[in-house]
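Asker: Predicted model, plus sequence, below.
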Amino acid sequence: MTERDQERGDGRDPIDEEAAWAEIVAGYGEEPADPPGVWPRAEDVEPIERSDRLPEEVLNELPQDLTPREAGPRDPGPRDWVADEEDEGHFEPPEPPPLPETDLTTKVAWIAVLGGPLLLIVTVLLQQRMSWWVVTLGVGGFLGGFATLVSRLRDGEDDWQDPGNGAVV
């Protein structure tokens with residue numbers, strides 16, 4: 001222990017647990033007092049008469065060019081706007097263009113890329129023996145299909161125009 005800790009002692013005084021429990025049981029069912037700075041509950045506040053018109057003394061203090069408007073039961077807000085259904089029709093996007101046709105090589109490459117791992121997963125889930133030909137088809141199919149798809153990518157130097165490449169000057 002340091003010198004400072006010896007001066008302080010153990011810190012807190014021992015707590016009388018029996019007295020604390022007796023205080024808790026005695027106060028059971030009572031609402032504790034609200035701490036300072038807390039808004040009062042609605043049932044503790046007297047209702048205030050609300051009028052839609054300003055008092056005469058407030059009206060007399062207003063500049064003459066300002067006149068209060070008559071307030072209805074509630075002033076309309078931005079969320080009270082309702083669109084007229086007859087104004088305009090709702091937006092219907094045009095039909096998307098059909099997907100481009102692919103050749104047989106691309107289709108087989110996609111089947112190999114997706115089917116190879118799927119074959120391995122199904123073999124494991126069905127708890128079948130992993131033979132050499134299942135592993136060869138699974139891994140080889142994936143690698144071969146992936147290599148085929150990557151090799152057939154466009155290099156970007158042909159006449160194909162990407163519609164999303166922005167303004168071309």
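Answerer: Received it, and whenever you're ready, just let me know what you need.

Asker: could you pull out the strands for the protein?
Answerer: With strands called from DSSP state E, the chain shows none.

Asker: any low-confidence regions in it?
Answerer: Low-confidence segments of the chain, defined by pLDDT under 70: 1-12, 32, 40-55, 58-77, 80-89, 155-169.

Asker: which one's the longest helix in it?
Answerer: helix 104-125 (DSSP state H).

Asker: in that one, what counts as buried?
Answerer: Using 16 or more other Cβ atoms under 10 Å as the test for burial, helix 104-125 gives Ala109, Ala112, Val113, Gly115, Gly116, Leu119, Leu120, Thr123. Heads up, the C-betas are built off the backbone N, CA and C, glycines and all.

Asker: mind putting those in JSON lines, distance to Leu99 included?
Answerer: Output for the buried residues of helix 104-125, formatted as JSON lines (distance: Cβ to Cβ, whole Å):
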{"residue": "Ala109", "distance to Leu99": "17"}
{"residue": "Ala112", "distance to Leu99": "20"}
{"residue": "Val113", "distance to Leu99": "18"}
{"residue": "Gly115", "distance to Leu99": "21"}
{"residue": "Gly116", "distance to Leu99": "24"}
{"residue": "Leu119", "distance to Leu99": "26"}
{"residue": "Leu120", "distance to Leu99": "29"}
{"residue": "Thr123", "distance to Leu99": "32"}
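
Asker: Which one of those is nearest to Asp34?
Answerer: Checking those against Asp34 by Cβ to Cβ gives Leu120 as the nearest, at 65.8 Å.

Asker: pretty sure the closest one contacts Val134?
Answerer: Yes. With contact defined as Cβ atoms under 8 Å, Leu120 and Val134 form a contacting pair (7.2 Å).

Asker: and Gln128, how many neighbours?
Answerer: 10 (other Cβ atoms under 10 Å).

Asker: what does stretch 114-121 contact?
Answerer: Under the contact criterion Cβ atoms under 8 Å, 6 or more residues apart in numbering, stretch 114-121 has outside partners Val134, Val135, Leu137, Gly138, Val139, Gly140, Gly141, Phe142, Leu143, Gly145.

Asker: for those, which one is nearest Pro35?
Answerer: Nearest member of the contacts of stretch 114-121 to Pro35, counting by Cβ to Cβ, is Phe142, at 65.6 Å.

Asker: now that closest one, nearest residue through space, not along the chain?
Answerer: Gly116 (3.6 Å; Cβ to Cβ, 6 or more residues apart in numbering).
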